[in-house]
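K.L.:
Just the structure for this:
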Amino acid sequence: MKYSKATDYALHVLLYMIKNEGESKKIPVQSLASALNISTTYLSKILTRLAKAGIISANSGAKGGYQLKKGWQNYSVYEVITIIEGSQNLLEDSFNHDKQCPIKLVMDEAEQALINILRQKTLSDLT
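P.N.:
Sure thing, here's the model as predicted:
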């Protein structure tokens, strides 16, 4: 599992939407970018991924914007991370050892513990 700046932005934009608008109002990308001090172009790419995953909806036009979809509360922090990053190992053994390498085993165990915690935390836990 990887955690990049894009993932950080995704979680923060979702938190902003949860705290400020909920499911009731569409927020233009420019407003979100300004509030979070993020490039509009970069944020648009992140929002597109979140919309394709079904956490938010995207409406274009003069009265368009982004808003949380019903059920957003059920998404885990881990799911948001994988929506943005895909499934990648965060902790990797750089050497090309076999699967029984003691360092690899420790790193795999640590990563699994982290994943388990992030799966238990939902977006509603952020509020």
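
K.L.:
And for residue 73, the neighbour number?
P.N.:
14 (other C-beta atoms under 10 Å). Yep, even glycine has a C-beta here, placed from its N, CA and C like the rest.

K.L.:
That one contacts residue 125, correct?
P.N.:
No - Residue 73 is beyond contact range of residue 125, at 9.1 Å (criterion: C-beta atoms under 8 Å).

K.L.:
Flag every buried residue along the lengthiest helix in the chain.
P.N.:
Scanning the chain for the longest helix, with DSSP state H as the assignment, gives helix 102-120. Buried residues in helix 102-120, defined by neighbour count with 16 or more other C-beta atoms under 10 Å: 104, 107, 108, 115, 118.

K.L.:
Run through the neighbouring helices and strands of it.
P.N.:
Secondary-structure packing of helix 102-120 (3 or more C-beta pairs under 8 Å, 6 or more residues apart in numbering; DSSP states H and E): helix 77-85.

K.L.:
Report the inter-axis angle for the helix it packs on versus helix 102-120.
P.N.:
Relative orientation of helix 77-85 versus helix 102-120 (axes from the mean of the first three to the mean of the last three C-alpha atoms, to 10 degrees): 110 degrees.

K.L.:
average model confidence for helix 77-85?
P.N.:
The average pLDDT for helix 77-85 rounds to 94.
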